[in-house]
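J.: What follows is a predicted protein model with its sequence.
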Amino acid sequence: MADKAQTHAFCVDSRFDYEPLFFSHPGEEKLPINFLGKKMDYPFWISSMTGGAEISFSINQNFAKLSGKYNLGMGLGSCRSLLNSNERLKDFSVRNLTNGPLYANLGIAQVEEAVLASSENKIHDLINKLEADGLIIHLNPLQEWFQPEGDRFRLTPLETLTRFLDQTTYPVIVKEVGHGLGPKSLAALLKLPLKAIEFGAFGGTNFTLLESMRSEECLVKAPFIKVGHAASEMVDILNALPKGDKEFIISGGIKNVLDGYELVQKLKAPAVIGMAHSFLGPAMESFEALEIYFLNLREAYLMARGLLRVKEQE
């Protein structure tokens, strides 16, 4: 027994000071924050997913119901199918279910196409018909490269973003899809008139890895699966950069509530925790299952706020 206890001591989570004297068990209190120009009751963001799945209607409905009931932020999955057709509009039309921050989502390839064709109005129209607050543009150069049928960029993402933002009046968020962003890319994004940056850091769903599983012709490309930046590294990079009025969604590799709590506390800027995969399973089951998951998540976050203090970096 003593040996087991001693072994357990080596597993202590050393990120936090445990302070049980200044704490009472949480009830249903809110943690109101202003984010993306709106009030949210809790620092949780339902990150973009389920753009192409046939089940996306029920999933988006469940996400939006949760967002509306608990005043969370939400990003829709890829809305690419809506640029030239309204056939799947019902799968994404959820504004009637939530007043929280709601953002449409397109890949940088679709934005580049619009910029080169001077058809940015298609994207503006998309925002209007979804009654979205703005647009998330996801960066996925490695994912596209791994896809045999993937898009090939003719402009750099920075040039595409710069040209698109010159034609845009609504808020825009840029996110990566599983590899995060390095210091030069973050510094460049901070200089653009973006509203926010979502990490999409290494350690979460790796879409490049998923694409590699579809083909046996990726041996030369395989080492690229492991490149990127963890969310904790991105926090350290950003804390050394001037962030202006930018806001942040910390996502990618957030395995549990303590990971998210630590990084939100450490980042010296307004930030919320973005989660995708952990919300997806319960949402596919039912709204009731999703709500139960969220309530447990909320309670755990409130416990962390009451009991734990992130240790100062040496």
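T.: Done, it's in.
J.: Give me the pLDDT for the closest residue to residue 89 other than its chain neighbours.
T.: Spatial nearest neighbour of residue 89, chain neighbours left out: residue 82 (6.1 Å); criterion: CB to CB, 6 or more residues apart in numbering. Just so you know, the C-beta spots here come from the backbone N, C-alpha and C atoms, and that holds for glycine as well. Note on residue 82: pLDDT of 94.
J.: who's in contact with residue 82?
T.: 88, 89, 92, 126, 129, 130 (CB atoms under 8 Å, 6 or more residues apart in numbering).
J.: one more time with 7 Å, if that's ok
T.: Neighbouring residues of residue 82 by CB atoms under 7 Å, 6 or more residues apart in numbering: 88, 89, 92, 126.
J.: What are the boundaries of the strands in the stretch 101-250 of the chain?
T.: Using DSSP state E, counting those that start in this stretch, the strands of the stretch 101-250 of the chain run over 102-107, 134-139, 172-176, 196-198, 247-250.
J.: Take the ones you listed and lay them out in a markdown table including mean pLDDT.
T.: A markdown table is the format used below for these (pLDDT from 0 to 100):
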| stretch | mean pLDDT |
| --- | --- |
| strand 102-107 | 97 |
| strand 134-139 | 97 |
| strand 172-176 | 97 |
| strand 196-198 | 98 |
| strand 247-250 | 98 |
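J.: if we compare those, which one ends up closest to residue 13?
T.: Nearest to residue 13 among the strands of the stretch 101-250 of the chain is strand 247-250 (18.0 Å), distances taken as CB to CB.
J.: Give me whichever of the strands of the stretch 101-250 of the chain is most buried.
T.: Comparing these by mean neighbour count (mean count of other CB atoms under 10 Å), strand 196-198 comes out on top with a mean of 27.
J.: Residue 182 is in contact with residue 229, correct?
T.: Yes. If you go by CB atoms under 7 Å, residue 229 and residue 182 touch, sitting 5.9 Å apart.
J.: quick one on the thing from earlier: among the strands of the stretch 101-250 of the chain, which comes closest to residue 12?
T.: Between the strands of the stretch 101-250 of the chain, strand 247-250 lies closest to residue 12; by CB to CB that is 23.6 Å.
J.: Run the chain-centre distance for that closest one.
T.: Distance, stretch centre to chain centre, for strand 247-250: 8 Å (CA atoms, centre = their mean, to the nearest Å).
J.: Tell me which helix or strand comes right after that strand.
T.: The C-terminal neighbour of strand 247-250 among helices and strands, as given by DSSP states H and E, is helix 257-266.
J.: Downstream of that next one, the next helix or strand is which one?
T.: Per DSSP H and E, helix 257-266 leads on to strand 271-275 as the next helix or strand towards the C-terminus.
J.: Let me know the angle separating that following strand from helix 257-266.
T.: Angle, strand 271-275 to helix 257-266, by axes from the mean of the first three to the mean of the last three CA atoms, to 10 degrees: 150 degrees.
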